[in-house]
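> Generate a structure from the sequence data that follows.
(one chain, ligands or ions: 1)
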Amino acid sequence: MLQCQRCLEDVAVGVRSRSRFRLVPAGEEWGDQDLDDDSYEALELDGLLDVRTLIEDEVLLSLPAIALHDQCSPPGAGADADADASKPSPFAELGRLKQGKQ
Ligand SMILES: [Zn+2]
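Numbers count the residues shown, from 1 in each chain. This next block holds a predicted model:
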């Protein structure tokens, strides 16, 4: 769950991430190939691999910078629309179209 940057309510964000790693034991020389090849990430491994932290980092990197619902209104948008009667709210218009369909 992230906070929608439009309406400020919770928005569920799905994350799908696929990463490849090459584990390099601490102290071992990294080949030039590790720096040039973008298909995997070389990780220096000193002791046990903390998979939980690795996954957490990958999820954080995969999250969108800005989370938004597909459709929502900023807080107080309804009041603004009422104040400017000459401009019908696109959401009110959508509601009208939906009702017409039923
Ligand atoms: Zn929203």
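
> Name the residue closest to the centre of the chain, please.
By C-alpha atoms, centre = their mean, the chain has its centre lying nearest to P64, at 2.5 Å.

> In space, what's closest to that residue - neighbours in sequence excluded?
With C-beta to C-beta, 6 or more residues apart in numbering as the criterion, P64 has its nearest non-adjacent residue at 6.5 Å, and that residue is V13. In this view, the C-beta of every residue, glycine as well, is placed from N, C-alpha and C.

> got a list of what that neighbour touches?
M1, L2, L63, P64, A67 (C-beta atoms under 8 Å, 6 or more residues apart in numbering).

> Farthest pair within these?
M1 and P64 (13.0 Å; C-beta to C-beta).

> Can you tell me which of the contacts of V13 is nearest the ion?
Nearest to the ion among the contacts of V13, counting by C-beta to the ion, is A67 at 8.4 Å.

> excluding its backbone neighbours, what's nearest that closest one?
Distance criterion C-beta to C-beta, 6+ apart; nearest residue to A67, sequence neighbours excluded, is L2 at 3.8 Å.

> Bridge partners for the one you found, pull those for me.
Assessed by DSSP bridges, L2 has beta-bridge partners V11.

> count of neighbours near S62?
14 (other C-beta atoms under 10 Å).

> Could you tell me which residues of the protein lie near the ion?
Contact residues, the chain versus the ion (C-beta under 5 Å from the ion): C4, R6, C7, H69, C72.

> give me every residue that touches the third one.
Under the criterion of C-beta under 8 Å, 6+ apart, the contact list for C7 reads H69, C72, S73, P74, P75.

> pretty sure the fourth one is in a strand, no?
Translated: P74. No. Under DSSP: H, G, I helix; E, B strand; the rest coil, P74 sits outside any strand and is assigned coil.
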